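>>> Based on what follows, work out the 3D shape:
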Amino acid sequence: PTEGRRGSPLDLTLSVLNETTVFQEVRVEVSASDSFLCAGYRQASVAVLPRSSVNLCYVLVPVSVGHLELPTMRLKWKEGGKEVSVKVPASKIYVLPPAVNAQ
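Residues are numbered from 1 along each chain as shown. Here you go, the predicted structure:
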């Protein structure tokens, strides 16, 4: 989503794609954030079969308002005997104050 409301849950899906012809064990790390509560695994290892993908689903609850950066995510896996670490590019979302019920 491009916007949300403080206190209202937002769904976030991270798709991990394995374009190689070999099995990959990928570690996903989600950093803590002062702007969001995060429901989902903060650290997880997922098996990704060759030429397939795995979706990891998170629920974020904004606790601040304004133009906020989503929590940082990092992927790690082994390639050629060496560990590779990639930071998922940062994304931002505009968070509005909570809705006021008109009566």
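>>> ok, how many other residues are close to the closest residue to A99 other than its chain neighbours?
Nearest residue to A99, sequence neighbours excluded (C-beta to C-beta, 6 or more residues apart in numbering): R5, at 5.9 Å. (Glycine included, C-beta is placed from N, CA and C.) Counted by other C-beta atoms under 10 Å, the residues lying close to R5 total 14.
>>> per-residue confidence at R5?
For R5, the model assigns a pLDDT of 95.
>>> Over to the one 5 residues further on?
As predicted, L10 sits at a pLDDT of 94.
>>> so how far is S91 from it?
Distance of L10 to S91, computed by C-beta to C-beta, to the nearest Å: 12 Å.
>>> Check which residues of the strand or helix carrying C38 are buried.
Element membership of C38 [criterion: DSSP states H and E] is strand 36-39. Residues of strand 36-39 classed as buried: F36, C38 (neighbour count, 16 or more other C-beta atoms under 10 Å).
>>> so Y41 is in which element?
Applying DSSP H and E, one finds Y41 in no helix or strand.
>>> That one: what's it in contact with?
V28, V30, L56 (C-beta atoms under 8 Å, 6 or more residues apart in numbering).
>>> Quick check: which ranges of the protein have low pLDDT?
Applying pLDDT under 70 to the chain picks out residues 102-103.
>>> Tell me where the longest strand sits in it.
If you go by DSSP state E, the chain has its longest strand at strand 52-62.
>>> What helices and strands are in contact with that one?
Other elements packing on strand 52-62 under the criterion 3 or more C-beta pairs under 8 Å, 6 or more residues apart in numbering; DSSP states H and E are strand 10-18, strand 24-30, strand 36-39, strand 43-48.
>>> So in that sheet, which strands flank the third one, and in what orientation?
Sheet pairing here is set by DSSP bridges, and for strand 36-39 it gives strand 52-62 (antiparallel).
>>> in the partner strand, what's buried?
V54, L56, Y58, L60, P62.
>>> Which of those sits closest to P1?
L60 (9.6 Å; C-beta to C-beta).
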